[in-house]
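Undergrad: quick check, what structure comes out for this input:
(one chain, ligands or ions: 1)
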Amino acid sequence: MMYYYYYLLLLGLAYWAVQRLIVSLEQRKFARKNGCQPCQRIPQRERLIGYGLYRQEVALAREGRSLQEAQNRFQLFGDTFSGVVMGQFFISTIDPENVKALLSSQFSDFDSGKKGLFGPFIGDSMLTTDGALWKHSRALVRPHLGKGQVEDLSKLEGHIQNLLTCLPKDGSTVDLQQLFFRLTFDNVVELLLNKQVSTLNCQPGSHLHKVVEAFENVGNLVNRRAALGPLLLFYRDTEMNATCKILHDFVDDIIEKAYLKRKTRKDRKPPNSFLDSILDSTDDLVKIRFEVLGLLLAGRDTAASVMSNLFFVLARRPDIWQKLQTEIEYLQERKPTYDDLRGLKYLRQVIDETMRLYPPVPGLFRAANRTTILPRGGGHDGRSPVLVPKGTVISCSTFSLQRREDVFGPDAQEFRPERWDSLNPHWEFLPFSAGPRVCMGQTYAYAEMMYILSRMLQEFQQVEKRSEEPWVEKWSIVLLNGSGTKVGLIPKTRAIE
Ligand code: HEM
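TA: Numbering: from 1, shown residues only. This next block holds a predicted model:
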C-alpha cells in the first residue's frame with residue numbers, strides 16, 4: 001500500500017517537472033523571438049524562496065528605510081532589476097518606457113495584483129478587480145466624480161470651520177496629521193454619501209469615534225496582510241473581520257436609508273448626490289457598499305498624507321509660506337471659488353512638489369496575467385527588452401522615479417516648487433498613476449487640497465516648526481511621516497468673512 005503512495009508522489013513530481021520544462025522552453029522561444037536579454041539580478045544567496053530578502057524588507061520597513069534602500073538599489077543595479085521574495089519572482093523598474101508599458105500601452109497584460117490584500121473590507125470593488133468587473137465599477141463611478149461634482153466648494157468650507165475649532169488660537173503646538181485625516185474623511189463622506197459627519201469634533205467612545213478608529217486601524221491591518229505575502233492564504237484575520245464589520249455597518253446604514261427614501265419617492269427628481277446617482281444605476285446594495293468604502297479609503301488617506309507632509313515642509317520653509325501668502329493676497333478676505341483655485345499657480349506647484357517628494361502611493365504594483373515583455377532593462381546597457389513570465393509581480397517605486405536627477409535636475413532631492421515653471425514630465429511624475437487605471441478622484445483631490453491650503457493661508461499668518469524630529473517613512477495604506485506634523489499656527493488678527 002505504501003508503495004502505491006510513493007508511486008503517486010513520483011508521478012506527480014514527474015508531471016510537475018515536465019510541465020515546468022515545457023513552460024520554460026516556450027518562454028525561451030518567446031524571449032528569443034522578442035530579442036529579450038536578462039536584466040540585472042539583485043544579489044541573493046538563495047533565490048528559490050528568497051527568505052533572506054523578505055527578512056531584509058521587513059526589517060527595512062520597521063526601521064523606516066525601505067524607500068531610501070529602494071533608491072540605493074536603483075543606483076546600484078540600474079533602472080530595472082529582478083529578484084525573488086517569498087517564492088514570488090519580481091521585477092522592479094523606474095524606467096519611464098517600462099512604466100508606460102505597464103500602466104498604459106500593455107495594460108491588458110497586467111492585473112492590479114491587489115486581490116486578497118484588502119480581505120473582506122472592500123470585496124470585489126474597483127480597487128481590487130480586473131477585466132469586466134473592474135470596467136463595470138469604473139463606468140458606475142465615472143459620471144459622479146467629474147468637475148461638475150466638485151465645483152461647489154461650500155461643503156468643504158463647513159468642514160474647514162470644524163477644523164478651525166480644533167486648532168489652538170494661542171500658537172501652542174498641535175499635530176496636524178491626525179486632524180487632516182479626520183478632515184478628509186468628513187469631506188469625502190459628504191462628497192459621496194451626502195451626509196454631514198464631524199469626526200473632527202466627535203467624542204471618544206462615541207459610535208462615530210469607533211468608526212474613525214476602525215478606519216485608522218484598517219490601514220495597519222492591510223499593511224500586515226501585505227507583509228505576509230503568500231502566507232496570507234493560511235492566515236485567519238479575525239481582527240480584520242471585526243474592523244470591517246464596524247465599517248460595513250456604518251456605510252450600510254446610510255446606503256439603506258437613502259435607498260428606501262429614493263425608492264418610495266413619488267416624484268423621480270434627478271439625483272443630487274453621488275449616492276443617489278449610483279442607487280439609480282444598480283439595486284445591488286452590497287456592490288454599492290464596497291464601491292463606497294473603496295472610494296472613502298482612496299479619498300481619505302491620500303489627500304491627508306499630502307496635506308500632512310506639506311505642512312511639515314511649510315513649517316520649515318517660511319520663504320515658501322510667504323510666497324504663498326503673496327499669491328493669495330488678491331483674494332483679500334474672500335473665500336476662493338473653484339475658478340480662483342485654477343489660477344493659483346504657485347499653490348499648485350507647492351502641492352505637486354509635495355507629491356513628487358512624498359507620493360502618498362509610493363509604489364505601483366501589477367501582476368503579469370500572461371507571459372509578456374517589458375521594452376527595456378535587458379542586456380549590458382539595459383536597452384533590450386526583458387522577459388516577464390506569467391505571474392511576475394512588477395513594481396514601480398514612484399518615490400524613486402520622481403527623484404530622478406536626469407528628469408528633475410541635480411537638486412531632485414530638494415523641495416523647490418519653482419522647478420515646475422519649466423517641467424512637464426509625463427511617465428516620470430505619477431502621484432495619481434496613469435493610463436486606464438488612473439486615479440478617479442484627481443480633480444476632486446486637487447480642488448480639496450488647494451482649498452484647504454488657501455483657507456489655512458487666509459486664517460494663519462505663520463506656521464512654525466515645533467519639533468526637531470526629521471521626516472521618517474511610515475507605512476499605512478499610504479506613505480506617512482512617522483514624526484507627525486507638529487506645528488504652531490499663528491492666527492491673523494482679522495477674521496475672514
Ligand atoms: C492626493 C490625493 C490622491 C492621490 C495621490 C491618489 C492616488 C491614486 C493612485 C496612485 C491610484 C492608482 C493606484 C494603482 O494604480 O494601483 C489611485 C486610484 C484611485 N483613486 Fe486616487 N488618489 C487621490 C485621491 C483620490 C480621491 C479623493 C478619490 C475619490 C474620492 C480617489 C479615487 C480613486 C479610485 C476610485 C482609484 C481606483 C482606480 C482604478 O483602479 O481604476 N482618489 N489613486
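
Undergrad: spell out which parts of the stretch 1-150 of the chain neighbour the ligand.
TA: Contacts of the stretch 1-150 of the chain with the ligand, taken as Cβ under 6 Å from any ligand atom, map to 126-127, 138. From N, CA and C alone the C-beta is placed, and that goes for glycine too.

Undergrad: swap in the stretch 251-400 of the chain?
TA: Going by Cβ under 6 Å from any ligand atom, the residues of the stretch 251-400 of the chain near the ligand are 295, 298-299, 302-303, 306, 360-361, 364.

Undergrad: quick check: residue 394 is in a strand.
TA: Yes: in this structure, residue 394 lies within a strand as judged by DSSP: H, G, I helix; E, B strand; the rest coil.

Undergrad: which ones are touching it?
TA: For residue 394, the set of contacting residues under the criterion of Cβ atoms under 8 Å, 6 or more residues apart in numbering consists of 90-93, 98, 102, 110, 365-368, 374, 388.

Undergrad: if we can go back for a sec, just the residues of the stretch 251-400 of the chain next to the ligand: which are in strands?
TA: Using DSSP state E, residue 364 are the members of those that sit in strands.

Undergrad: give me the subset of the residues of the stretch 251-400 of the chain next to the ligand lying in helices.
TA: With helices defined by DSSP state H, the entries of those inside them are 295, 298-299, 302-303, 306.

Undergrad: redo those residues as a markdown table? Include pLDDT and neighbour count.
TA: Written out in a markdown table, the entries for these read as follows (pLDDT from 0 to 100; neighbours: other Cβ atoms under 10 Å):
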| residue | pLDDT | neighbour count |
| --- | --- | --- |
| 295 | 93 | 25 |
| 298 | 90 | 21 |
| 299 | 90 | 24 |
| 302 | 96 | 25 |
| 303 | 96 | 26 |
| 306 | 98 | 27 |
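
Undergrad: include distance to residue 400 when you put these into CSV, please.
TA: Putting those into CSV (distance: Cβ to Cβ, whole Å) gives the following:
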residue, distance to residue 400
295, 28
298, 23
299, 26
302, 19
303, 23
306, 19
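
Undergrad: compute the distance between the one residue in the stretch 301-450 of the chain that gets nearest to the ligand and residue 256, please.
TA: For the stretch 301-450 of the chain, the residue positioned closest to the ligand under Cβ to the nearest ligand atom is residue 441, at a distance of 2.0 Å. Between residue 441 and residue 256 the distance is 25 Å, computed by Cβ to Cβ, to the nearest Å.

Undergrad: how about residue 376?
TA: 51 Å.

Undergrad: ok, these two, which is more surrounded?
TA: For residue 376 against residue 256, the residue with the higher neighbour count under other Cβ atoms under 10 Å is residue 376, and the figures read 21 against 13.

Undergrad: element containing the more buried one?
TA: Here residue 376 sits within strand 372-378, counting by DSSP states H and E.

Undergrad: elements contacting that strand?
TA: strand 80-85, strand 88-93, helix 96-100, strand 384-388 (3 or more Cβ pairs under 8 Å, 6 or more residues apart in numbering; DSSP states H and E).

Undergrad: can you give the distance of it from its chain's centre?
TA: Going by Cα atoms, centre = their mean, to the nearest Å, the spacing between the C-alpha centre of strand 372-378 and its chain's C-alpha centre is 26 Å.

Undergrad: now do the contacts for residue 488.
TA: Residue 488 is in contact with 171-174, 463-464, 466, counting by Cβ under 8 Å, 6+ apart.

Undergrad: now for those, which pair is the farthest apart?
TA: Comparing all pairs in the contacts of residue 488 by Cβ to Cβ, the longest separation belongs to 172 and 463, at 13.2 Å.

Undergrad: compare these two (neighbour count), which wins?
TA: A side-by-side neighbour count of residue 172 and residue 463, using other Cβ under 10 Å, places residue 463 first with 23 against 10.

Undergrad: next one: phi and psi at that one?
TA: According to degrees, to the nearest 10, the main-chain angles of residue 463 amount to phi -130, psi 130.

Undergrad: wait, isn't it in contact with residue 312?
TA: No: distance between residue 463 and residue 312: 10.0 Å, which falls outside the contact criterion (Cβ atoms under 8 Å).

Undergrad: what do these two both touch?
TA: Here residue 463 and residue 312 share the contacting residues residue 487, scored by Cβ under 8 Å, 6+ apart.

Undergrad: now do the strands in this protein.
TA: Under the criterion DSSP E, strands of the chain are mapped to 40-41, 80-85, 88-93, 110-111, 173-175, 363-368, 372-378, 384-388, 393-397, 460-465, 473-475, 479-481, 486-491.

Undergrad: show me where the stretch 51-200 of the chain has helices.
TA: 51-63, 66-77, 96-100, 131-141, 147-150, 154-166, 176-193 (DSSP state H, counting those that start in this stretch).

Undergrad: winner for burial among those?
TA: Mean neighbour count, computed with mean count of other Cβ atoms under 10 Å, is highest for helix 176-193 among the helices of the stretch 51-200 of the chain, reaching a mean of 24.

Undergrad: tell me the angle that one makes with strand 486-491.
TA: Between helix 176-193 and strand 486-491, the angle formed by their directions is 70 degrees, by axes from the mean of the first three to the mean of the last three Cα atoms, to 10 degrees.

Undergrad: sorry, back to before: reformat the residues of the stretch 1-150 of the chain next to the ligand as a markdown table; add pLDDT.
TA: Formatted as a markdown table, the entries for these read as follows, by pLDDT from 0 to 100:
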| residue | pLDDT |
| --- | --- |
| 126 | 91 |
| 127 | 91 |
| 138 | 91 |
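
Undergrad: alright, calling it a day.
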